[in-house]
Structures are given as C-alpha cells and as structure tokens.
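J.: Build me a model:
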Amino acid sequence: MTNFLFISLNDHVSWGGSEVLWSKTALQLSENNNVSVLVKKWNVEPAPITHLREKGVSVFCKDNFQLSSYQRIKNKIFRTHHKRKHHLEQVVIENMDLVVISMGHHLDSKLFYYTDYLKRFKKPFAIVFQLVTAYVDLNDHLRERFKKTYKEAERLYFLSKDNIGISEAQMATYFENKVLINNPFDMKTEYLSMEIKTKDRFYLGCVAALNSFHKGQDILLKVLSSKKWKERPLFLNLYGNGGNKKQIQELIDLYGLENQVFVRGYVGEKKEIWKQNHGLILPSRMEGQSLAMLQAMSFGRMIISTKVGDARRLVLDNETGFLIEALTESLLDEALERAWGRREEWMEFGRKSRTHLFNCIKNSPIDYFADKLLNLV
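T.: The predicted structure follows:
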C-alpha cells in the first residue's frame, strides 16, 4: 500500500471551495491506500473531515500540537523557553511516500514551514494551486524562495492555463513540472429547468464568498446603480457569506437597489439556486477554476464572468455566455449590455454552456487527479 499525506494550508475558514479537490481525492485514494491528512482544528469540525475519519483516514490537527496551557504558564513563570513542536512531528513522516500540499493561493508563505521540514527527510511533495493571483507585491527575495520550492516539487498542479501564465511570469521561469487538472463537480447532474416561468423578469445569481476584493460584488453593485439598470427588470441574487457581507448590504441600501438585489446567504442545495436564476454572474478579480461556474454550467446556465482563471476556456463569448475583459465599471457594463441585448436567448445559451462543459471535461476530475498522484509513487 502507498502512504499519502494531504496538507491543507487553509487556516482562515473552516471549509471552502479550495478544500473540495484534495479532500475528495484523499477519500478516493483511501479505498486502496493509507491516507493521512493534516488540517487546522476548528471548534466545529467540518463535515467532510468527519467523513474522512469515518472512512478510515487518519486526521491530524495542527492546533493539537501547539504548547499546552500548562506549558505556556510554566514558561511564563520560570521564564523558560519550550520550543513548539512542528505540526508534522505528530505524523510518521518517514513512512510517507508522497505529501500533497493544497494551497488556497500560490503565495502563501506557510508553504515553507512544511516543505523545509519535508526536505530534511527527503520526502517528495506535490503542490495543488487553487488560485494564482497577479494582485500581489512580490519582492525578488521572496520570489526566489517560492521559485526554488516550486521547482523542488514533484509536480505543480494548476487549474487553468491562465494561472500557469501568471505564475511563470511572476517567477520569470517555465515550470517543467506543471500539470493541468480540473476541480470536481457532479458529472451526473442533469439539465435543470427554471422554476420561474415569467418572461418579463430576468434573474442572475452571483454564487461567491462575500469578499469584495476577490469576487468584485462592489463593482457589480456600482454598475447596477445606474439609472438604465434600475429601470430594467433585471434582478440579482447574491449567495454566500463572507467578511464583506455588511458592506455589500450597505451598498445595496446606498444605491437604492433593495428591490432588485437580494442577499440570500449560503444555500447548500445548488438546485434551489439554479431553479431561480437564468445565469451566473461572477465579476471576480481572480480565479483558478470556479466551482460555482462548473456547477452552474452543469445545470445548464449561461455564464457572465471576468476573463480570469479557466473562464477563458469554459465560457465561449457570445455563444455560451459573456466575458468581461477586466473588472472595471465600463467593461462590466459593456458585457452586461451585450448579455441584456440577448436576454431572450439566456436559456439556450445555458444549454450550450452545459454541452461545452462536458466537451471540455470528459472524465472525472477526481479519478484523473488520483491517477496522477499514484503515478508519482
């Protein structure tokens, strides 16, 4: 049996879209291999992690290996220094055949904490990048350190050519160890009809964390605040939670959009979202390969998206959806105008969008990624 260790660098939310690929792959590999995972400990354990435990995966938690309260008090009283043990010391790292590190974004410096330790034991590692962004100020010293670590990895798994291009430009090199993979979605999903039958009201759903810098809801609301959009029967449903929820609600109130834009919160059953919306609008500044986009396309919905991440491949402009060249008010407005001019075709666009998705992704992303990992050992 092969021994795999999956490490998630996500320490800021208990669960997110970036966790789906590695966790489902770990679950599949556990059927015929020994699989361990290292994740942050949360007050309420995410259900997918509990499921991994139930299926026999060894779950190690980072916060379990910090100093105890007793040791911290003892250090303070006696002014002693007790070095914190490394998170990986609780794992029998010598037994691991491959370590897979999942990064929410490609410049998370926590990466070095783990790779430096793995290199001491000469353990091979692979890196999964859920997001690569150009919106960073990266000095040469840090850039060189990331470049060196990336090149030391057995493989670098990217979710879009766009992300590869950004990363290689930042690092001023071509990565010979790069591989393109896909995020998972339910490939058995069937086309979903709209529950709303009205022909004179049009609904767009924005399924994204309420994080304005990342997902661009603030720019979208500013565009919709103009007189022409207020006079049109276009309605926006915002799904998700996040750190800018209050700002987004206040912008809705500020712009007088309370009758056209609605904050729906998190909805677990995606069918309920796409019964109510003709299409997905995703005005992100950065993406890898959006799970929301994959889900919407699988149900047969057209896409309006900025030209970031895998949207360049997944959205055929003016055929299956509409691409926004960049996240500015004028360019977002231009794409929305094109979409509005063909609003009677949105459902037909959605059917073509679904067909295009399955032309782009023909095989199970989990099977493909699992096979790639097995071939490394």
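
J.: so residue 205 is in which element?
T.: Assigned by DSSP states H and E, residue 205 belongs to strand 202-207.

J.: secondary structure class for the nearest residue to residue 351 once chain neighbours are set aside?
T.: Excluding its sequence neighbours, the residue lying closest to residue 351 (Cβ to Cβ, 6 or more residues apart in numbering) is residue 300, at 5.4 Å. From N, CA and C alone the C-beta is placed, and that goes for glycine too. Under DSSP: H, G, I helix; E, B strand; the rest coil, residue 300 falls in the coil class.

J.: just checking, residue 300 touches residue 192?
T.: Yes: contact status for residue 300 versus residue 192: in contact at 6.0 Å, counting by Cβ atoms under 8 Å.

J.: More neighbours: these two, which one.
T.: Shown here are residue 300 and residue 192; by other Cβ atoms under 10 Å, residue 300 has more neighbours (23 against 18).

J.: Compute the distance between the more buried one and residue 193, please.
T.: 8 Å (Cβ to Cβ, to the nearest Å).

J.: And residue 145, by the same measure?
T.: Residue 145 sits 52 Å away from residue 193, going by Cβ to Cβ.

J.: next one: residue 173
T.: Residue 173 sits 49 Å away from residue 193, going by Cβ to Cβ.

J.: you'd agree residue 124 is up against residue 376?
T.: Yes: the criterion here is Cβ under 8 Å, and residue 124 meets it with residue 376 at 7.1 Å.

J.: Find residues that contact each of these two.
T.: Both residue 124 and residue 376 are contacted by 98, 154, under the criterion Cβ atoms under 8 Å, 6 or more residues apart in numbering.

J.: Strands of the stretch 1-150 of the chain, residue ranges please.
T.: Taking DSSP state E, counting those that start in this stretch, the strands of the stretch 1-150 of the chain run over residues 3-8, 34-39, 58-61, 98-103, 125-129.

J.: got the domain boundaries for this structure?
T.: Following automatic domain parsing, the chain resolves into domains at 3-185+363-374, 202-360.

J.: Kindly check the end-to-end length of the longest one for me.
T.: According to Cα to Cα, to the nearest Å, domain 3-185+363-374 extends 10 Å from its N-terminal end residue to its C-terminal end residue.

J.: Same check on stretch 168-188?
T.: Taking Cα to Cα, stretch 168-188 runs 35 Å from one end to the other.

J.: So which elements touch the host helix or strand of residue 272?
T.: Using DSSP H and E, residue 272 maps to helix 270-274. For helix 270-274, the packing partners by 3 or more Cβ pairs under 8 Å, 6 or more residues apart in numbering; DSSP states H and E come out as strand 202-207, helix 291-298.

J.: So which residues make contact with the longest one?
T.: When contacts are defined by Cβ under 8 Å, 6+ apart, helix 291-298 is touched by residues 17, 20, 183, 185-187, 189, 205, 207-208, 270, 274, 279-280, 282, 287, 303, 305, 310-311, 314-315, 320, 353-354, 356-357, 361.

J.: got the angle for the very next helix or strand once past that helix vs strand 202-207?
T.: Next helix or strand after helix 291-298 toward the C-terminus (DSSP H and E): strand 302-306. If you take axes from the mean of the first three to the mean of the last three Cα atoms, to 10 degrees, strand 302-306 sits at 60 degrees to strand 202-207.

J.: Thanks again, I'm all set now.
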